[in-house]
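A.B. asks: Return a 3D structure for these sequence lines:
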Amino acid sequence: MSARGIAVLGSTGSIGRTTLEVVSTFPDRFRVVALTAHRSANVLLEQADRYRPELAVLVDGELEPRTTPQGTRVANGWDAVLEAASHPDVEIVVNALVGAAGLEPTLQALAAGKRLALANKESLVVGGPLVMQALRENAGELVPVDSEHSAVFQCLAGASLESVRRLVLTASGGPFRDRDPWDLARVTPDEALRHPTWNMGAKITVDSATLVNKALEVVEAHYLFGMPYEQVEVVIHPQSIVHSLVEFRDGSVLAQLGYPTMELPVLYALTYPERLPYDAPSLDLAQIGTLTFEPVPPGRFPAFELGREAALKGGTAPAVFNAASEEAVAAFLSEQLPFNEIPEVIRDVVRGHAVEEVTDLGVVRRADSWAREAARTYVQERVDKTERLA
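C.D. replies: Numbering: from 1, shown residues only. Model (predicted):
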């Protein structure tokens, strides 16, 4: 069996690095053909040295050809990311990009007939109808990488959607699950980035603290599995051992369990439907002792509720929700916005948006651009008001 060509979009981020470590365990099965990074030039060069891809792409900045290994072509800019997503020697594209920018490479990979290992949930959130259309019309394949959706995907193996009563996604609840809501105004970026069970990038870690991430995952599950929103539920499960559950019409429930590591969902997306031997810790339920579950408390995570509200509106509303969230998180991380005002930015932007049907990329881009500008305006007005009162 010849090694399958892999492109890793966002190779210097958390999922990208995990993917490369998994791939390196099976050198006879996989070979790295293309790597892309946003601006982490030094890390990308180290990866190019180790994996010797045919193509190395840096979006923001310049890579000099003389700095990369012989045989690796250097490219810069966004068009080169799209080239990596449709490279003729690539069979599997791992989309580990962050944010709405991941949509276009997702569409490119599916149009080129690749297996898309999707870790960029925003592709489905902002452009779900476009992604599903590309999947129907081309020979591409979509396998989820998010641990929750990988879990559902595995539990549904061989089952018809008609046999499913509901999907249950689990959420850790983040670092502030038990913190007094009145104290959230004082939360620092450093505190928000200390996730209790997962090691992730800054944006997704803050989204886990607000439960925005879980709202995005509800939209993702809706499109991935063709499930109405009223049949997609969320429960808080602090131990992060049960990754998701599927309840069937006969009352049977299947759950996928494992220690919280992204290596296993990445591996499954690469090898599906096979399961290759892997040196993962065996799950010791006796040692864990207790697994607990609780509902999402009403009013405790307002950003999550806004996300579900946007999902039910449909059209461009989820794209606007996502863009507002990205801008609000960026403002929080740069200490322009208190943590507890992230939902206020999202609410202001989403409820001021005139929803459109998602018919093409242009509609998505306009909604995304409008929402970002509206969110930045909110943040700047708050900054100006704070300075006047100082």
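
A.B. asks: Find the nearest non-adjacent residue to residue 44, please.
C.D. replies: Among residues not flanking residue 44 along the chain, residue 37 sits closest, at 4.2 Å (Cβ to Cβ, 6 or more residues apart in numbering). To be clear about C-beta, it is placed using only N, CA and C from the backbone, and glycine gets the same treatment.

A.B. asks: Surely the one you found is in contact with residue 9?
C.D. replies: No. Between residue 37 and residue 9 there is no contact under Cβ atoms under 8 Å: 9.1 Å.

A.B. asks: Next, the contact list for the residue nearest to residue 44, please.
C.D. replies: 10-12, 16, 43-44, 57-59 (Cβ atoms under 8 Å, 6 or more residues apart in numbering).

A.B. asks: Helices - which of the residues you listed land there?
C.D. replies: 16, 43-44 (DSSP state H).

A.B. asks: Closest one of those to residue 163?
C.D. replies: Nearest to residue 163 among those: residue 16, at 35.7 Å, using Cβ to Cβ.

A.B. asks: Check the contact between that closest one and residue 10; I expect there is one.
C.D. replies: Yes. Shown here, residue 16 and residue 10 form a contact pair, counting by Cβ under 8 Å, at 4.7 Å.

A.B. asks: List only those of the ones in helices among the contacts of residue 37 flagged as buried.
C.D. replies: By neighbour count, with 16 or more other Cβ atoms under 10 Å, those hold 16, 43-44 as buried.

A.B. asks: of all these, which comes closest to residue 183?
C.D. replies: residue 16 (34.9 Å).

A.B. asks: okay, and the common contacts of residue 16 and residue 10?
C.D. replies: By Cβ under 8 Å, 6+ apart, the residues touching both residue 16 and residue 10 are 37, 96.

A.B. asks: State the number of residues packed around residue 170.
C.D. replies: Residue 170 has 25 neighbours, counted by other Cβ atoms under 10 Å.

A.B. asks: I'd like the contacts of residue 37 written out as a markdown table, with pLDDT added.
C.D. replies: Putting these into a markdown table (pLDDT from 0 to 100) gives the following:
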| residue | pLDDT |
| --- | --- |
| 10 | 97 |
| 11 | 98 |
| 12 | 96 |
| 16 | 97 |
| 43 | 94 |
| 44 | 95 |
| 57 | 96 |
| 58 | 96 |
| 59 | 95 |
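
A.B. asks: now these in TSV, with distance to residue 357?
C.D. replies: TSV is the format used below for these (distance: Cβ to Cβ, whole Å):
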residue	distance to residue 357
10	29
11	35
12	36
16	33
43	40
44	38
57	33
58	36
59	30
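
A.B. asks: quick one: low-confidence ranges for this protein?
C.D. replies: Scanning the chain with the threshold set as pLDDT under 70 gives 1, 182, 195-201, 390.

A.B. asks: Show me where it has its strands.
C.D. replies: Under the criterion DSSP state E, strands of the chain are mapped to 4-9, 30-37, 55-58, 73-76, 92-95, 115-118, 141-144, 164-171, 232-236, 242-248, 253-257, 294-295.

A.B. asks: and among those, the most buried is which?
C.D. replies: strand 92-95 (a mean of 28; mean count of other Cβ atoms under 10 Å).

A.B. asks: in its sheet, what does that one sit against?
C.D. replies: Partners of strand 92-95 in the sheet, by DSSP bridges, are strand 4-9 (parallel), strand 115-118 (parallel).

A.B. asks: Not counting sequence-adjacent ones, nearest residue to residue 383?
C.D. replies: residue 336 (5.6 Å).

A.B. asks: got a list of what the one you found touches?
C.D. replies: So residue 336 contacts 379, 382-383 (Cβ under 8 Å, 6+ apart).

A.B. asks: next one: residue 241
C.D. replies: Here residue 241 is in contact with 257-260, 283, 288, 291 (Cβ under 8 Å, 6+ apart).

A.B. asks: can we see that at 6 Å?
C.D. replies: Shown in contact with residue 241 (Cβ atoms under 6 Å, 6 or more residues apart in numbering): 257, 291.

A.B. asks: Could you pull up phi and psi at it?
C.D. replies: Note on residue 241: its backbone torsions stand at phi -100, psi -40 [degrees, to the nearest 10].

A.B. asks: Let me know the distance separating it from residue 75.
C.D. replies: 42 Å (Cβ to Cβ, to the nearest Å).

A.B. asks: what's the neighbour count on residue 134?
C.D. replies: Residue 134: 19 neighbours (other Cβ under 10 Å).

A.B. asks: Surely it and residue 108 touch.
C.D. replies: No. Here residue 134 does not reach residue 108: they are 8.9 Å apart, not a contact under Cβ atoms under 6 Å.
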